[in-house]
Structures are given as structure tokens and as C-alpha cells.
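**Student:** Got a predicted model here, sequence first, then my questions.
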Amino acid sequence: GAAPLWTSKCSYLTDSGTMYANSKLVHKDVVVNRFFGIFFMFFQSGQIWGNLISYFVLKPSEVNGTNITEKYDKCGAEFSEQEYKGVDVSNAIDRKTINVLCIVYICICACSILTVIIFLDQRRKASKDKISVMLRHSVKLLVSTVKHMRNINQLCLIPLTIWSGLEQSFLGAQFTKGFVSCTLSAKYVGLVLIAYGICDSIGSFSFGQLVKYVGRWPCFIIAAIINYSLIITMFLWKPSENQIYVLFILAGLWGLADAVWQTQINAFYGVLFVDKDEAAFSNYRLWESSGFVLFYIITPYIRIRIALVILLIFLTLGMTGYGATEYRLRKNKIKNNQVSPS
């Protein structure tokens, strides 16, 4: 369900931003970046409200004074989910509590669907085409999505797009298990991720505005430096209950970097492939989802330090590909500016 939802969202924001830019006679790149920044500010604020709910609902009963780190002492880079499963974890959460949390989230989901149906401008194109014609159009879109993979700019952006999925799944899976739950308990996962959500939400809006003044590539550089620093820190630092604040700092900075990846990669796709936005964003979701799938499949069987190495590799490849794409884009702009006066 996420693939068509996100593809539609990206196309909707790009089209809306382009239309607004044309009506106000301002540069399209700036408006599209701003639109994505505003969207992700509200989207990432869901991390705050969702994790607040989970924190208050998932309150395990205090069975005894024994904590997890006394039973499993490899929290951090040496964490292994397979070993951790064999440990008798205290403060376990009962099934009834989990069901209550799921019901709350389902109700919120239903309200969001109704809100979109009732209040969102559908921007439907008048069409009297038959179902067979619409199906042929869908097949053409699928073919164009596959053909779009041959675009050199798209090929260069694949590693960075995969990185986007990897870094999100790492924080949601391995960081929460290997650093938070292992050191404290599952109850504190929501609390720590609130810091992630706050920084992600604020960063999404801030970077969406900042790119207007400093450009796109400085924002990418800042995010890369933050992630490189955090990955190295996770390699070297062993979490403990006496340094809980470090977990909040790590999560917050990760959210700040994620704000750049989510807003600027989406906006870059919208600017770079403006005439093929549906095919481009379909590719975006495909490769980002590949990053999610890769980590969710392999992380239960590897230690966190291996996952950190994979993150370093894809971040480096991704920034290299982004640099090549940015260079090609600037080169084409210079060439077009030289041709235009004549």
C-alpha cells in the first residue's frame, strides 16, 4: 500500500509546487523544496505523537530489579538479535497491551483517510476513457518506469536512494533494539524516538527553507557529515544506563540528517525529472524500499557493526552518485545558458 501512496504524494507535491511557482513567477526549484519541507515537517511530527502514544501505552510492569544489561552485555555495535532472543528479557510487554496500541493506530489511520477524502483537492483530470484504455495507460506507466532506470541521472541516484531506505530501517530496527531496548527496555524506545521525530520535523521545515539561501548541495554535505559522525560514534561507544542522554542525542542528530535525505532527495527527483515525475518517483520508492527490505531481511542475522559498515559503504556511494548528478545538472544548465542568447 505504501508504494502507490508515496508515488502519488510525490507527484502531487511536485505538480502543486510547479503550478504555484508558475502562478507566482518564482523559481520552481525553490518552491518544490519548500513544499516538500512543509510536508515532511508534518509527516515527521507523526514520530512525536506516535511515540508519545507508544510510550504511555507500552508501560511494562516492574517485575524485579534485574535489568537487561546484566543478562545481555553486548549492547551497541556488538549486538546480535539472534543472541538477544535467547535471553530472558525482563519488563516484557503482554499481548493485550500491544492489541490496544494497534487499535489506537488503526483509528488514527481511519481518521487520516477520511481527512484526505473530504478536504484534499483531488485535482482529478476529466476523463471518459474506458477501463481498457486506463489499463493500457497503467501498463505504459509501468514500462516507462522500467525504461527510466536507463537514465544516467537515475542510475547515479540509485545508491543514495537505497541509502535512504537503509538509514530509516536501521534506526527503526537495529538502533532501537541494540542501543535502546538492550540498554534500557522497550518502554523507552518511544521516548528516545520522540527526540528523533522532533529534530526530523524541525529539520524538514528548516532545510526546506535553508536550501533557498545556500543551495542544495551544502544541505547534502551537512547530512552526510552528521551520519558519518554518528556511525563512527556507534562503532566506538558502548551504551550504558548512566549515559541515557547520549541515546537521545544520537536519535536527534539522526533525525536531523534524515530530514535532509527525505526532503531534498524527493525534491531533487521532482526537479531533475519534472517531465517524468511519475516514473521517477516510482523508481524512487522502488529503490528506497529495496533498502528497507535489505536491512529487514539481513539485520536479524548480523551484528550491528556489520550493518554500520554497510551504511558507510552506501552513504559513500550515494554521495558520489549525487555529486556526479549535480555536476551533470549544472553542466547542462551552463550549456543551455550559453545557447539561449543566440
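**Tutor:** Nice, I can see it. Residues are numbered from 1 along each chain as shown.

**Student:** how about the helices in this protein?
**Tutor:** Taking DSSP state H as the test, the helices found in the chain are 2-24, 28-57, 68-71, 81-85, 95-119, 131-148, 152-169, 187-214, 216-236, 244-272, 277-298, 304-339.

**Student:** among these, which is nearest Thr176?
**Tutor:** helix 187-214 (4.8 Å; C-beta to C-beta). From N, CA and C alone the C-beta is placed, and that goes for glycine too.

**Student:** Lowest average confidence across the helices of the chain, which one?
**Tutor:** If the helices of the chain are sorted by mean pLDDT, helix 68-71 sits at the bottom with a mean of 47.

**Student:** In CSV: the helices of the chain, plus distance to Gly178.
**Tutor:** What follows is these, written out as CSV (distance: least, C-beta to C-beta, whole Å):
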stretch, distance to Gly178
helix 2-24, 25
helix 28-57, 18
helix 68-71, 11
helix 81-85, 8
helix 95-119, 21
helix 131-148, 36
helix 152-169, 13
helix 187-214, 11
helix 216-236, 9
helix 244-272, 11
helix 277-298, 13
helix 304-339, 5
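
**Student:** Now mean neighbour count too, for the ones you listed, in a markdown table please.
**Tutor:** Shown next, in a markdown table, are those (neighbours: other C-beta atoms under 10 Å):
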| stretch | mean neighbour count |
| --- | --- |
| helix 2-24 | 16 |
| helix 28-57 | 19 |
| helix 68-71 | 14 |
| helix 81-85 | 13 |
| helix 95-119 | 11 |
| helix 131-148 | 12 |
| helix 152-169 | 21 |
| helix 187-214 | 21 |
| helix 216-236 | 17 |
| helix 244-272 | 22 |
| helix 277-298 | 20 |
| helix 304-339 | 15 |
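
**Student:** between the ones you listed, which one is nearest to Lys177?
**Tutor:** Nearest to Lys177, of these and by C-beta to C-beta, is helix 81-85 at 6.4 Å.

**Student:** what's next to the closest one, contact-wise?
**Tutor:** Outside helix 81-85, the residues that touch it by C-beta atoms under 8 Å, 6 or more residues apart in numbering are 72, 74, 177-178, 182, 299-301.

**Student:** what do you get for stretch 314-330?
**Tutor:** 152-153, 155-163, 166-167, 216-217, 220, 224, 227-228, 231, 268, 272, 291.
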